[in-house]
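Asker: Sharing a model that was predicted from the sequence below.
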Amino acid sequence: MKIDWAALGSVFGVSLLATVALVALFTLGLVGLSKHETATEQGGTATLARSGAYACFAVIAAAVGYGIYLIVA
C-alpha cells in the first residue's frame, strides 16, 4: 500500500484552514452580539453589530450545510 503524502498534507491543510476560519467567524459573531447587548444596556442601538453577527452565523451555517452536502453526495 502506498500513501500519497502530498494529498494527505493537502487535506490536512484545508481542514485546518477551514476550522480556523469557522472558529474566527463564530468569534466575530459572538463579539457582534456582545456589542449589541452592551449598546442596548446603555440605551443605544447597534444594528450593524447585530446584522454582522447574524451574517457571520449565516456563513457558518452555509459552510456546515455545504460540508454535509459534500459528505452525502
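Answerer: Sure thing, it's come through. Bear in mind that the values here come from a model prediction, so they are computed numbers and not experimental data.

Asker: and Ala18, how many neighbours does it have?
Answerer: By other CB atoms under 10 Å, 12 other residues sit near Ala18. Every C-beta, even on glycine, is put in place using the N, C-alpha and C of the backbone.

Asker: pLDDT value on it, please?
Answerer: Per-residue confidence (pLDDT) for Ala18: 94.

Asker: Just the buried residues of the helix or strand harbouring it, please?
Answerer: Element membership for Ala18, per DSSP states H and E: helix 5-41. Residues 22, 25, 28-29, 32-33, 35-36, 39 are the ones in helix 5-41 that count as buried (16 or more other CB atoms under 10 Å).

Asker: And for stretch 55-64?
Answerer: Judged by neighbour count (16+ other CB under 10 Å), stretch 55-64 contains these buried residues: 56-57, 59-60.

Asker: Which ones among those map onto helices?
Answerer: Within the buried residues of stretch 55-64, residues falling in helices by DSSP state H are 56-57, 59-60.

Asker: Next one: the closest residue to Val59 other than its chain neighbours relative to Thr38, how far apart?
Answerer: Leaving aside its chain neighbours, Val59 sits nearest to Leu25 (5.8 Å; criterion: CB to CB, 6 or more residues apart in numbering). When distance is defined by CB to CB, to the nearest Å, Leu25 is 20 Å away from Thr38.

Asker: This completes my enquiry, with thanks.
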